[in-house]
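Engineer: need a 3D model of the following:
(2 chains)
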Amino acid sequence: MAKEITARDVDYSQWYNDLVLKGGLADYSSVRGCMVIKPYGYGLWENMRDALDKAFKETGHVNAYFPLFIPKSFLSKEAAHVEGFAKECAVVTHYRLMNDPNGGGVIVDPSAKLEEELIVRPTSETIIWNSYKNWIQSYRDLPLLINQWANVVRWEMRTRLFLRTAEFLWQEGHTAHATAEEAIIETEKMLHVYAKFAEEFMAMPVIKGKKSANERFAGALDTYCIEAMMQDGQALQAGTSHFLGQNFAKAFDVQFLTKEGKQEYVWATSWGVSTRLIGALIMAHSDDDGLVMPPKLAPLQVVIVPIFKGAEQLNMIFDKLKPLMDALKAKGISVKFDDDDQKRPGFKFAEYEMIGVPVRLAIGARDLENGTVEVARRDTKEKSSQQLEGIENYIEQLLVDIQQSMYNKALAFRDANIRKADTWEQFLKMIEEPGFIYAHWDGTGETEEKIKELTKATIRCIPLDNPQEDGVCIFSGKPSKERVIFARAY
RNA sequence: CGGGGUGUAGCGCAGCCCGGUUAGCGCACCUGGUUUGGGACCAGGGGGUCCCAGGUUCGAAUCCUGGUACCCCGACCA
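Structural biologist: This next block holds a predicted model:
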């Protein structure tokens, strides 16, 4: 009643916006294309960040921080790179304001023009490789495995909360290696880290693959990606890992002395995931009643709603449940006791469903008498009455079950929406249905472009470990040895 | 940058065609009371440069001109 959510099948975009705004994740800001990440949404990001950061550290990476501003000349050192980003860069041209002599507040001081303009980083390859040049002399300095958590700015024409905003938060790993083989291994390793995170923490199945040349990162030799299917059947790129070859090493003249005493250019990778993952999480799991958070990332895992008349009953319930709350916290499970006496239980139920808290406990006078508690799980909305005694173990297991069940559901949905097309006619028909299509492709950018023009579908990836089979391209009829994934994408 | 839409209280909207009391409704908010096992009720109360600027008029939320912001759909991208 207080907060209505547009149903998915009425208006999917509006449903998504409703969840972000009414679920308390983010808000529009006064700055075009930029959003405010609210505490609940930021808590989710913190949980994602912590899990990823741990995985990066476990694979030998360390964190550092590089400047927000990049000298304009740096960006142009790698031709493909500047080509890819030039159209969406914010540029700093001045460093001082002054009072408007005509009385209109402050204006840019025309005398404070920067000698060299600064670009607000859309990504940090150039500023980082400029440093790496000074840090790398010999093979003993390699590999160099650095990550940074940062904000970046890409001046997008059209933005959507979390999915595409002008400013967003992300991490970017930048590594340097002595050999191409080693760099490729690193690229693939980080892709697997992302895939594992998506599946184990986000409960979101992903397909690992390589991008076609058209979809490749600006400046990369190879871009690997994880692709997820959203509930409307569209694809969403959830993370990318790039093999950069020696492009940046050459652009910034980063050479090292080998064991044998030869000067060689180093080999590079970069990889990143962003707050876009929050958008993916929402669209992978949520329903018409609100957000559905996977327990491993939920900012709040368990909420307790007491049902009481008067302060005396409230206190009795609180005293009864205090040991449970302590037991849950001892297990590392976050729990909140909602003692707000201004809102009725029914309102709270709806509210916590809206924000996707995985487990809700309700307890009233009747339960106190019986030694029971009502347990409701958000993902299936099932409710059951359980003995209060030892309930912490039940809840701990329930969170595990919910996590697994959410993954299974998303996986079943995805697999039910993947089809094979063998002819152009089939493809045209299937692309109007939600989902991914496996189809043969002749490997040319021209064909890919044509298909995109005609159907809005792009090649999401060429899956890793893709089965090899002889076939003909659905569009050109030329021979092909493997199927690739086509879909409409975010 | 093209197409469409919307700017009226914190949020969602009505009023605008056809100018004329004090600009209204729902939710939220504040006070008091009764309530509390799925979005409570009663009574009282506070809150508005009607997006901005110009124009027409005795009189503009309403008509005219220009601007601006945001949302949605496309082309570009994570």
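Engineer: only C-alpha atoms from now on, for both contacts and neighbour counts.
Structural biologist: OK.
Engineer: up against RNA strand B, what does the stretch 201-350 of chain A have?
Structural biologist: With Cα under 7 Å from any atom of the strand as the criterion, the stretch 201-350 of chain A comes near RNA strand B at residues A:215-218, A:237-239, A:274-276, A:289, A:307-310, A:341-350.
Engineer: please indicate which of those residues are buried?
Structural biologist: Applying a neighbour-count criterion of 16 or more other Cα atoms under 10 Å, the buried members of these are A:216-218, A:237-239, A:274-276, A:289, A:307-308, A:345, A:348-350.
Engineer: what's the most distant pair in the residues you listed?
Structural biologist: Largest separation among these by Cα to Cα: A:218 and A:308, giving 60.2 Å.
Engineer: burial count for the residue of the stretch 1-150 of chain A found nearest RNA strand B?
Structural biologist: With distances taken as Cα to the nearest atom of the strand, the stretch 1-150 of chain A approaches RNA strand B most closely at residue A:32, which sits 3.1 Å away. A count of nearby residues for residue A:32, using other Cα atoms under 10 Å, gives 14.
Engineer: kindly report the same for residue A:204.
Structural biologist: When neighbours are defined as other Cα under 10 Å, residue A:204 has 28 of them.
Engineer: quick one: it and residue A:282 touch, right?
Structural biologist: No. Distance between residue A:204 and residue A:282: 10.4 Å, which falls outside the contact criterion (Cα atoms under 8 Å).
Engineer: taking the stretch 201-350 of chain A, what residue is nearest to RNA strand B?
Structural biologist: In the stretch 201-350 of chain A, the residue that lies nearest RNA strand B is residue A:346 (3.1 Å; Cα to the nearest atom of the strand).
Engineer: show the average pLDDT along the strand or helix carrying that residue.
Structural biologist: Take DSSP states H and E as the rule and residue A:346 turns out to sit in helix A:345-354. The pLDDT scores in helix A:345-354 average 94.
Engineer: elements contacting the following helix or strand past it?
Structural biologist: Reading on from helix A:345-354 to the C-terminus, the next helix or strand found by DSSP H and E is strand A:359-363. Using 3 or more Cα pairs under 8 Å, 6 or more residues apart in numbering; DSSP states H and E as the contact criterion, the secondary-structure elements in contact with strand A:359-363 are strand A:302-306, strand A:372-377.
Engineer: out of those, which is the most enclosed?
Structural biologist: When neighbours are counted by mean count of other Cα atoms under 10 Å, the highest per-stretch mean among these falls to strand A:302-306, a mean of 24.
Engineer: pLDDT on that strand, on average?
Structural biologist: According to the model, strand A:302-306 has a mean pLDDT of 97.
Engineer: and the residue of the stretch 1-150 of chain A closest to RNA strand B, what is it in contact with?
Structural biologist: Contact criterion Cα atoms under 8 Å, 6 or more residues apart in numbering gives residue A:166 as the residues in contact with residue A:32.
Engineer: assign it to helix, strand or coil.
Structural biologist: Here residue A:32 is coil, with the state taken from DSSP: H, G, I helix; E, B strand; the rest coil.
Engineer: can you pull the pLDDT of it?
Structural biologist: In this model, residue A:32 carries a pLDDT of 77.
Engineer: how's chain A carved up into domains?
Structural biologist: Dividing chain A into domains by automatic domain parsing, as the record does, gives the ranges A:12-71+A:125-285, A:302-398, A:418-487.
Engineer: nearest to residue A:406, out of these?
Structural biologist: Across those, the minimum distance to residue A:406, taken as Cα to Cα, is reached by domain A:12-71+A:125-285, at 6.0 Å.
Engineer: return the most buried member of the domains of chain A.
Structural biologist: Counting by mean count of other Cα under 10 Å, domain A:12-71+A:125-285 has the highest mean neighbour count of these, with a mean of 20.
Engineer: what's the span of that one from first residue to last?
Structural biologist: 13 Å (Cα to Cα, to the nearest Å).
Engineer: and that domain, how far from the chain's centre?
Structural biologist: 9 Å (Cα atoms, centre = their mean, to the nearest Å).
Engineer: taking the stretch 51-200 of chain A, what residue is nearest to RNA strand B?
Structural biologist: Scanning the stretch 51-200 of chain A for the residue nearest RNA strand B gives residue A:164, at 3.7 Å (criterion: Cα to the nearest atom of the strand).
Engineer: would you mind finding the longest helix in chain A?
Structural biologist: When chain A is parsed with DSSP state H, its longest helix is helix A:391-416.
Engineer: and residue A:460, that one's in a helix?
Structural biologist: No. Counting by three-state DSSP, one finds residue A:460 to be strand, located in no helix.
Engineer: OK, contacts around residue A:145?
Structural biologist: By Cα under 8 Å, 6+ apart, the residues touching residue A:145 are A:60, A:61, A:62, A:173, A:174, A:175, A:176.
Engineer: repeat that for residue A:52.
Structural biologist: Under the criterion of Cα under 8 Å, 6+ apart, the contact list for residue A:52 reads residue A:197.
Engineer: quick one: what helix or strand has it in it?
Structural biologist: In this structure, residue A:52 sits in helix A:39-58 according to DSSP H and E.
Engineer: and the average pLDDT for that helix is what?
Structural biologist: What helix A:39-58 shows for mean pLDDT is 96.
Engineer: sheet-wise, list the partners of whatever helix or strand comes next after that helix with their directions.
Structural biologist: Past helix A:39-58, heading to the C-terminal end, the next element that is a helix or strand (DSSP H and E) is strand A:62-63. Each strand pairing with strand A:62-63, determined using DSSP bridges, is listed with its direction: strand A:144-153 (parallel).
Engineer: nearest to residue A:225, of the helices and strands packed on strand A:359-363?
Structural biologist: Minimum separation from residue A:225 across these (Cα to Cα) falls at strand A:372-377, 32.7 Å.
Engineer: parallel or antiparallel, list what pairs with that closest one.
Structural biologist: Each strand that pairs with strand A:372-377, with its direction, by DSSP bridges: strand A:359-363 (antiparallel), strand A:383-387 (antiparallel).
Engineer: can you pull the contacts of residue A:136?
Structural biologist: A:142, A:254, A:255, A:256 are the contacts of residue A:136 under Cα under 8 Å, 6+ apart.
Engineer: burial measure for the residue lying closest to residue A:379 once chain neighbours are set aside, as a count.
Structural biologist: If you skip the residues right next to it in sequence, residue A:379 has residue A:292 as its closest partner in space, 6.2 Å away by Cα to Cα, 6 or more residues apart in numbering. Residue A:292 is surrounded by 28 other residues when neighbours are defined as other Cα under 10 Å.
Engineer: am I right that residue A:292 sits in a strand?
Structural biologist: No. With three-state DSSP as the criterion, residue A:292 is assigned coil and is not in a strand.
Engineer: list the residues that contact it.
Structural biologist: The neighbourhood of residue A:292, defined by Cα under 8 Å, 6+ apart, consists of A:282, A:285, A:286, A:353, A:355, A:356, A:357, A:358, A:378, A:379.
Engineer: my guess is residue A:55 contacts residue A:193. True?
Structural biologist: Yes. Counting by Cα under 8 Å, residue A:55 does reach residue A:193; the two are 7.0 Å apart.
Engineer: give me the element residue A:115 is part of.
Structural biologist: Residue A:115 belongs to strand A:113-120 when assigned by DSSP H and E.
Engineer: could you do residue A:218 as well?
Structural biologist: Under the criterion of DSSP H and E, residue A:218 resides outside all helices and strands.
Engineer: OK, contacts around it?
Structural biologist: When the contact criterion is Cα under 8 Å, 6+ apart, the partners of residue A:218 are A:80, A:81, A:82, A:83, A:84, A:85.
Engineer: redo these as a markdown table? Include pLDDT, secondary structure and neighbour count.
Structural biologist: Shown next, in a markdown table, are these (pLDDT from 0 to 100; DSSP: H, G, I helix; E, B strand; the rest coil; neighbours: other Cα atoms under 10 Å):
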| residue | pLDDT | secondary structure | neighbour count |
| --- | --- | --- | --- |
| A:80 | 86 | helix | 14 |
| A:81 | 88 | helix | 19 |
| A:82 | 87 | helix | 18 |
| A:83 | 85 | helix | 13 |
| A:84 | 86 | helix | 13 |
| A:85 | 88 | helix | 18 |
